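Novice: Mind looking at a prediction? Sequence and model below.
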Amino acid sequence: MQACGGVGGVALSHLLGQDGLLAASSSAGGVVLPGRTHHQPRAKNIIYIYLEGGPSQMDLYDPKPMLNQLDGQSLPESMLKNMRFAFLAKESARIMGTPRTFKKYGQCGMELSDLLPHIGSIADDICLVRSMHTDQFNHVPGQLLMNTGSAISGRPSMGSWLSYGLGSGSKNLPEFVVLICVGRGVPGGSASWASGFLPSKYSGVMFRNEGAPVLNLDNPTGFTAAMQERNIRGVAELNALRHAAVRDPEIDSRIAAYELAFRLQSAAPELMDLSGETQATLDLYGVDRTEPKIEGGNQLGGTGLFGTFARNCLMARRLVERGTRVVQVIHASWDHHSRINTDLPHNCLMADQPIAALVKDLKQRGMLDDTLIVCGSEFGRTALGENRPGQRAVTGRDHHPNAFSLWLAGGGIKGGQVVGETDDIAWNVTKDPIHVHDLHATILHQFGFDHTKLTYRFQGRDYRLTDVHGHVVKKLLA
Amino acid sequence: MIDRHPALFRIVTRTGLLMACAATWAARGAEPTKIDFGRDILPILSNNCFHCHGPEDGERKGKLRLDTHAGALGTGKSGATTVVPGKIADSELIQRIISQDDDEVMPPRAAKEKLSLKQIELLTRWVEQGAPWGKFWAFEAPAKPAIPNIENPAAEIQNPVDAFVLARLEKEKLAASPAADRRTLIRRLSLDLTGLPPDLATVDAFVRDTRPDAYERLVDTLLASPHFGERWGRHWLDLARFADSAGYLNDTLRPYAYLYRDWVIDAVNRDVPFDRFTVEQLAGDLLPDATLEQKIATGFHRNSLKNDEAGADLELDRTKAAVDRTATTGAVWLGLTVGCAECHTHKYDPLSHREFYQLYSFFNATAEREISAPRPAELAEFNRKQAAWEKERDRLAAPLRDHVATLVGPPSAAWEAALARPVERWTLLAPEEITTITEDEERIGPPNADGSFTTGARDSVRTRYVAKARVEARGVTGLRLEALADLGGKVGRARTGDFHLAEFSAMLKTPDGAQHKLEFAHARADFETKSAPAKGTLDGDNTTGWSITGKTDAAHVIVFELKSPQDFPAGSQLYVELEHRITGVMTRFRLATTAGVLPLTPDLLPDELVAILDQPAERRTPEQALVVASHVARFSDATGQKLFAPLAAHYSKQPEYPKTAAPILVTHERKTRIHLRGEYQRPGDEVEPGTPAVLPPLRPRGARPDRLDLARWLVDPANPLTARVTVNHVWQHLFGRGLVATVDNFGVLGEPPSHPELLDYLATEFVQLGWSRKQLIRLIVTSATYRQSSVLRQDLAERDPQNVLLARQSRQRLEAEIVRDVFLASSGLLNPRIGGPSIYPALPPFVLAFGRNKSWPETKGPEKYRRGLYIHLRRNVPYPMLATFDASDASVACLHRERSNSPLQALTLLNDPVFVECHERLGEQLAAQPADSTDEARLRHAFERCLSRPPAAAELAAMQRHFDHQLLLAQGDRRLAFVAAARLIMNLDEFITRE
């Protein structure tokens, strides 16, 4: 059927692949690569760490010594013209310095904040981009643009585009999994991993952090595994009888779907069971860390998650190992309108170690070469302190779309380099600007896709992740 | 054959494709038919050529244009004539498409487009046949075609639908399938028309009904079922992108969105003719003497998403909603991808960038409103409570009234004698309007009759109010602001009843146009707190201001003294601005001026009372005396105050009028400019409302066309698209595939109709049937075509797996909501109540956890067993079961649902608590059957109840075997074994399929 979607060239492989994979007996880990990309891919999997809310670039990634010198001064009118802010009153806002100190890490000498010592230890593996920019200054449109390539909701997420193009790598697990640390909630909701107008099977499947990872995995009370197996066999047998009568191939797919569901029921607990991991690995990720109390109590949310976040980073590796191609790890929130000097360090304490551990772990297992890691958010924050009316003191920063930082690693990315520069207060990009669309084009490129050709026809138009924009940023590539 | 086509011969020789082409011709074994430009040629040109040689000026290459007849007959940059009718060799178009030269060939080698041999052949024959030009088929009004004559006496023809289908099948040398058996038919019809399976008794009755019109009777019964409106209403809600929340960050709930859903269900049940159905939804508010229900119908376009995040660009959001409304209207009624022209002229269809904004201007000139729409039951409930409340009020007021009577005369006079009366007299300002400014939003509201203004319950703490009033006065010395409270109410809107006035300012505009700010010297209030004194309102610092913390039950007053007296000449306008900042806004306020002597006193004596007191006691009327006595009773008499207290408490419990408010669309005139590249901040030329030139002209009622004109234009029988598009939607729901497969695109990039004459027959018939949806459906479902078996014949599996030719029915997995419905119905749990607010079935907390809006007031009791279409649809938190089965995500109009088939669906039907409850309910009923009922009889019963047919012997045997096995595994627990049997049957593909 062509209506709510026709099939673009590349993805036909997937429609066939879905059935193919059920039949194919595969080698290690059940990985079957369709190999129908536009060019030789460099990456096979992606782990996309999304720190929702807009972490402050000048407090983490982009050192700005001038900031403390300019502390308390206002910005010239020319820099504020045409700028919109969520809360900040721009007439009276003043530049806010930072207590953060930066030092050089790795052979490459990448400068990072004192809040990121573990990420510092993988500096030679990561490519830090200081020149990202976006069109959106509010969370939802910003997140939609970052995660779906359009600020309007209803478009497929990047992960959905990838699983549409790639086909499934796993026999037993969903191909696109989302792991979430709840915090205060992800404003864009499921739109960040939904399949939009692509068929729903390309949607990210949200895993729970505890217990059964997907909904409805556990059998009803009283149903033993043996009864479940008998039930599935009964369904298959009676479905087969119906197939003999009406010959609808859809019935075959239904039988296969029940078998896959049954396999998922046993594969999922194995996935979630960390007892096979060594203590060294668990310690590397910091799964058992105790969380320090946050000064002044938990105000923004996003706390109480040290263990969950570490576990999710480890789970990302386990998923990729078992054939899941796209994993999105989300934590909210990094939206530090206030209390930035207490809440940001707390968040970093939570995130820094497990994220670095993931890169190290993948590297020592030889998986980093074909697994792309992206760590980012929807925008950055203002050099101006946030003077939201009614707020007692200025202790945070507002949303800032003009310039922000993120980093990539593995999957054919050239590590140990910093790309792009911003001005003295990280307000505007001064060198190598990279738009969200460019990032998307580059990510697709690493998977062997020409972003202009990975298309899907919907309502009479060939849609793509990058709309009519985007350039592959060769500088990022190894 | 080739002899008769020398040109083709030459081409194929030149291109070395002789063999292939000859084979194609031989296989078809038919005389090539006459080329139809609109059907055969235009789609090729538009798909392959228009991108560079089409309507868009900026994109055109080689100065060649193929979208107009003149362009095609002219010359391009090269000087060669593009098309010379009848002469292939002289036609550059043909020479270029067959060229072997990499630099010459068209489309260029690098392009995505590539012509097939068949397309080259069609273009060649078109030139050879004289290159006739014409309009694209979909833009020509449908004419009622002649009904084909079917000669085969064995053919089953119930109505003209069959003649068209059989004519095509005869051509293809295919036979139609026999009718499905009665059990399949009743299940199919019930699911298609009501979305519910037939119960056993109804199936039996139909199977045994020997009357010749038994089938037609069944159709009529089902069309008359109130569940018909639910089934076909839900189809319409897909087009309406209906949801219970606004999307984006806040995903603000729309608690009364259901009023529109109820309207749709009811309109479909009443079979409101589709033309009226259209007009009411697009312009119900503009109909003469529009009823409440007609206004509710405009809720169709209130389903657009809305971004109300702090700081969001509201104008951008408003224009995006208008774009959505334009694109949705185009997609739903015209079947055109109108939205493509938002940023540039449509690359394929004749729809210019300007024309898009002409359509857009109809929706640009609208505003959103919520109008009170209490449901009859709510009103009855309110009236009941109100009557009871009034009765109690009268009971409490009686002793007070008696007491007040005792205060008339001497007691009042004593009070009056002791009273220090204010020196100054006040003149109330009578504002023409009050503007409410919240963030970027502005609303204008009328003041109350007494000159006061009631603020909005949802006004933000950061709201400013600007009162604009005509004034004429001399020697004004000050202004007064009263914060009023109603009996039993609070004076401010903060949770504590407090308010905080941050700044007070006033500006005078004299008739000569001069404006100046009034300068105030002092502010004095009847009451203030230490931390929020009256003077804070004049210090220019909006972080300080006046509050009345602790005394929130009664009115307060603040006066502002001018630095020097001011004259307000006749015709002056006074603008008074009240800026609130934190805590809360005033509930109700009123402004006045005075020319009194300074210092002004913030006196609480009401003006009305002062006016009475100004008169000598002997000249007051008895009513006036009573007013004075009442005031005494309330404020300075111990007994009176004691009697007042319970009355005030009672007033605070006054029943609230039902809040139910329908979201509707109303007209709000705005000029429209083209948005260059679709960006609203880059305005281009101003445009007037209008419709695309390729379609019949709009016939406005007045000078300036409005939405009502647009709606009537859409359903004007001259419009070539609306009826075709609509019958195609209906056809799709009954066969799984539209006659035009691209239901969302009737433009040149869409697929041509599989049965063009049938489409036009149905479209014209639909209009003749008075746009009756029920009559149209009746026509289709009573056809033999619809009644065919859906068994996939071997020959068709190869020839026509997609069932384009309709030599059988299609077997379709049920839609998400209907999957739920058949479970509930077959288990006996279903609550069939129709309409009303959405329900919240139980949801695992983690599903809600990631959204900002986490409230989910779980529905309990029988309400939770209601049909799937009533499930609360929150855009950011789709109900998992609905999403898993491909329900619409309500972001844009969904014209066609996917029918995916996934492991998550299997897990849902096996283990989702809702479905587990259904397995259990059915299983328990089996276990509880009378002891003399055999296991086999029980299994047979369950099977038949779920699938509307008895099991075949092999099926029954398999069920029995699995049951016995489960009984062993369950260690003899018969209940569990029967639940397992129910779980088995309810997980069969057939159970969630309409065959």
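Specialist: Nice, I can see it.
Novice: Burial check on the closest residue to chain A within the stretch 451-600 of chain B, number of neighbours?
Specialist: Closest contact between the stretch 451-600 of chain B and chain A, by CB to the nearest CB, is at B:Ile582 (4.9 Å). In this view, the C-beta of every residue, glycine as well, is placed from N, C-alpha and C. B:Ile582: 19 surrounding residues under other CB atoms under 10 Å in any protein chain shown.
Novice: helix, strand or coil for it?
Specialist: Assigned state for B:Ile582: coil (three-state reduction, DSSP: H, G, I helix; E, B strand; the rest coil).
Novice: Does it touch B:Asp498 like I think?
Specialist: No: proximity of B:Ile582 to B:Asp498 does not meet the contact threshold set by CB atoms under 8 Å, at 10.0 Å.
Novice: list residues touching both of the two?
Specialist: Taking CB atoms under 8 Å, 6 or more residues apart in numbering or on different chains as the contact rule, B:Ile582 and B:Asp498 touch no residue in common.
Novice: Neighbouring strands of the helix or strand containing B:Ile664 in the sheet, and parallel or not?
Specialist: According to DSSP states H and E, B:Ile664 maps onto strand B:661-667. In the sheet containing strand B:661-667, the strands it pairs with under DSSP bridges are strand B:366-372 (antiparallel).
Novice: next helix or strand past the strand it pairs with?
Specialist: Moving toward the C-terminus from strand B:366-372, the next helix or strand (DSSP H and E) is helix B:376-407.
Novice: Helix B:376-407 and whatever helix or strand comes next after that next one, what's the angle between them?
Specialist: Toward the C-terminus, helix B:376-407 is succeeded by helix B:410-418 as the next helix or strand (DSSP H and E). Taking axes from the mean of the first three to the mean of the last three CA atoms, to 10 degrees, helix B:410-418 and helix B:376-407 form an angle of 80 degrees between their directions.
Novice: in helix B:410-418, what's buried?
Specialist: Within helix B:410-418, the residues that qualify as buried by neighbour count (16 or more other CB atoms under 10 Å in any protein chain shown) are B:Ser412, B:Trp415.
Novice: From the contact counts, what lies against the helix or strand following it?
Specialist: Downstream of helix B:410-418, the first helix or strand assigned by DSSP H and E is strand B:426-428. The criterion is 3 or more CB pairs under 8 Å, 6 or more residues apart in numbering or on different chains; DSSP states H and E, and the helices and strands that strand B:426-428 contacts are strand B:588-594.
Novice: With just CA atoms, put the strand it packs on into CSV.
Specialist: The C-alpha atoms that make up strand B:588-594 are tabulated as CSV, following Å, rounded to 0.1, in the frame of the first residue of the first chain:
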residue,chain,number,x,y,z
ARG,B,588,-12.5,41.9,39.9
PHE,B,589,-11.5,45.5,39.8
ARG,B,590,-13.0,48.9,39.0
LEU,B,591,-11.5,52.4,38.3
ALA,B,592,-12.7,55.9,39.1
THR,B,593,-11.4,59.5,39.1
THR,B,594,-12.0,62.4,41.4
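Novice: And the contacts of the helix or strand just after that strand?
Specialist: Scanning forward in sequence from strand B:588-594 by DSSP H and E, the next helix or strand is helix B:607-613. Contacts of helix B:607-613 from elsewhere in the structure, counted by CB under 8 Å, 6+ apart, are B:416, B:419, B:421-422, B:425-426, B:428, B:592, B:605, B:620, B:624, B:627-628, B:631.
Novice: change it to 7 Å
Specialist: B:Glu416, B:Arg421, B:Pro422, B:Trp426, B:Arg620, B:Gln624, B:Val627, B:Val628, B:His631 (CB atoms under 7 Å, 6 or more residues apart in numbering or on different chains).
Novice: swap in stretch B:378-391?
Specialist: By CB under 7 Å, 6+ apart, the surrounding residues in contact with stretch B:378-391 are B:Pro374, B:Gln654, B:Pro655, B:Tyr657, B:Pro658, B:Thr660.
Novice: Quick check: the two most widely separated of those residues?
Specialist: Comparing every pair within those by CB to CB identifies B:Gln654 and B:Thr660 as the most remote, at 17.8 Å.
Novice: Would you map the helices across the stretch 351-478 of chain A?
Specialist: With DSSP state H, counting those that start in this stretch as the definition, the stretch 351-478 of chain A shows helices at residue ranges A:436-446.
Novice: so where do the strands sit in it?
Specialist: According to DSSP state E, counting those that start in this stretch, the stretch 351-478 of chain A carries its strands in the segments A:371-376, A:380-385, A:397-400, A:404-409, A:417-419, A:421-422, A:429-431, A:434-435, A:455-458, A:461-464.
Novice: Can you tell me which of those is most buried?
Specialist: Mean neighbour count (mean count of other CB atoms under 10 Å in any protein chain shown) peaks for strand A:380-385 among these, with a mean of 28.
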